[in-house]
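1. quick one: sequence plus predicted model below, questions after.
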Amino acid sequence: MAPRHFLDIDCFSGDQLRSILDLAHKFKAAGRPTPQSLRPDALKDAVLALMFERPSTRTRVSFDVAMRQLGGQTLVLNREQLQLGRGETIPDTAQVLSRYVDAIMLRTGSHEALLELAAHASVPVINGLTNLSHPCQIMADIMTFEEVHGPIAGRRVAWVGDANNVAASWIHAAVRLGFELRLASPGELQPDAELMTWAAAEGGKILVTDDVDEAARNVECVVTDTWVSMGDEDPDRRIALLKGYYVDERLMGLAAENAIFMHCLPAYRGREVTAAVIDGPQSVVFDETENRLYAQKAILAWCFGTD
């Protein structure tokens, strides 16, 4: 039987995503540590390899703790600790690790490397971040949104800033889960045309604009991210392009009265968001951080076929 990979949100149906999200809410409601009744038998003593080619705080800690609380174990591997860093191929690495561990989480720059790993692994592979997407983050974000506003279907979300890998996963989620997404980005940093063609063909309700006010007006959530991500070239140019694309009190005032603010962190106050917003009453950034733990528990349970 083919392994259950968690690679991108667009690979799933809305019903499948809903099932994972519902399980994440259930894990959180049960509290910590995870009750024995919610610990899937398939995860008992299972080993999750955590492979990092990029630095991480939230992804590393949340996956490590999630696996341990579900009864499994983790093995953290950095590129310099593997023969990958000395020329061993990804297919060979995938087949070797599959003989030792029960699942693999990869955080890397290359999306192609993730897909190649999954194609040759005989155990589940999870996307912990690539240059094209960050699906685990968005599952936690949607869980956080639903804690405040209820089911996300039919709701309105604004993205402000660079239409990066996190924004791409928001686009996938908007299409699959049926909510409206508005993205305000400078022309040079707007979403990839191929991605938008896919979203339109799938019936997604997505607006792309260079007007931050148009994006934020009457939405129930405003989301942004750092202006310069790992691996981005020419940071000074990016900062210059994005100077008008920040979230402040004025912009939040255009959103719905009960709107929340999200940021996947790390954040740079005074650049993409003001301190008054990210540290203010509308901010749910640390709820997002906490919910990475529960979303990842649900993803792991799905990958091990225990949903």
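-> Received it, and whenever you're ready, just let me know what you need. Not measured: the values here are computed from a predicted model.

2. check which helices and strands the lengthiest helix in the chain sits against.
-> In the chain, taking DSSP state H as the definition, the longest helix is helix 285-303. Using 3 or more C-beta pairs under 8 Å, 6 or more residues apart in numbering; DSSP states H and E, the elements in contact with helix 285-303 are helix 14-30, helix 58-69, strand 125-129, helix 135-149, strand 260-263. The way it works is simple: take the backbone N, C-alpha and C, and place the C-beta from them, glycine included.

3. hey, which of the ones you listed is tucked in deepest?
-> Mean neighbour count (mean count of other C-beta atoms under 10 Å) peaks for strand 125-129 among these, with a mean of 27.

4. what's the neighbour count on Arg269?
-> Arg269 is flanked by 12 other residues according to other C-beta atoms under 10 Å.

5. quick check on the residue nearest to it when sequence neighbours are not counted: phi, psi?
-> In space, and not counting its chain neighbours, Arg269 is closest to Ala275: 4.4 Å by C-beta to C-beta, 6 or more residues apart in numbering. Ala275 adopts backbone torsions of phi -60, psi -30, taken as degrees, to the nearest 10.

6. and Gly231, what's its pLDDT?
-> For Gly231, the model assigns a pLDDT of 65.

7. all further residue positions should be reported with the first residue as 665.
-> That works, and once the first residue is 665, the last one we named lands at Gly895.

8. now do the phi/psi pair for the nearest residue in space to Asp875 that is not next to it in sequence.
-> In space, and not counting its chain neighbours, Asp875 is closest to Ala848: 6.2 Å by C-beta to C-beta, 6+ apart. Backbone geometry at Ala848, expressed as degrees, to the nearest 10, gives phi -110, psi 110.

9. cool, Leu734 as well?
-> phi -90, psi 0.

10. so who does the spatially closest residue to it that is not a sequence neighbour touch?
-> Using C-beta to C-beta, 6+ apart and skipping the chain neighbours, the partner closest in space to Leu734 is Leu707 (4.4 Å). Counting by C-beta atoms under 8 Å, 6 or more residues apart in numbering, Leu707 touches Met731, Leu734, Gly735, Gly736, Leu964, Ala965, Phe968, Thr970.

11. cool, and Leu748?
-> By C-beta under 8 Å, 6+ apart, the contact list for Leu748 reads Ile754, Thr757.

12. a helix runs through it, doesn't it?
-> Yes - counting by DSSP: H, G, I helix; E, B strand; the rest coil, Leu748 falls inside a helix.

13. thinking again about what came up before, using JSON lines, please lay out the helices and strands packed on helix 949-967 together with mean pLDDT and distance to Val830.
-> Converted to JSON lines, those look like this (pLDDT from 0 to 100; distance: least, C-beta to C-beta, whole Å):
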{"stretch": "helix 678-694", "mean pLDDT": "97", "distance to Val830": "17"}
{"stretch": "helix 722-733", "mean pLDDT": "97", "distance to Val830": "12"}
{"stretch": "strand 789-793", "mean pLDDT": "98", "distance to Val830": "9"}
{"stretch": "helix 799-813", "mean pLDDT": "98", "distance to Val830": "6"}
{"stretch": "strand 924-927", "mean pLDDT": "98", "distance to Val830": "10"}
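
14. adding distance to Thr753, write those out as a markdown table.
-> As requested, those are exported to a markdown table (distance: least, C-beta to C-beta, whole Å):
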| stretch | distance to Thr753 |
| --- | --- |
| helix 678-694 | 31 |
| helix 722-733 | 25 |
| strand 789-793 | 16 |
| helix 799-813 | 25 |
| strand 924-927 | 37 |
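
15. nearest to Ile768, out of the ones you listed?
-> strand 789-793 (5.0 Å; C-beta to C-beta).

16. ok, residues contacting that closest one?
-> Under C-beta under 8 Å, 6+ apart, the answer for strand 789-793 is 667, 669-672, 714, 716, 718, 720, 723, 727, 758, 767-772, 778, 781-782, 797-801, 829, 963-964, 967.
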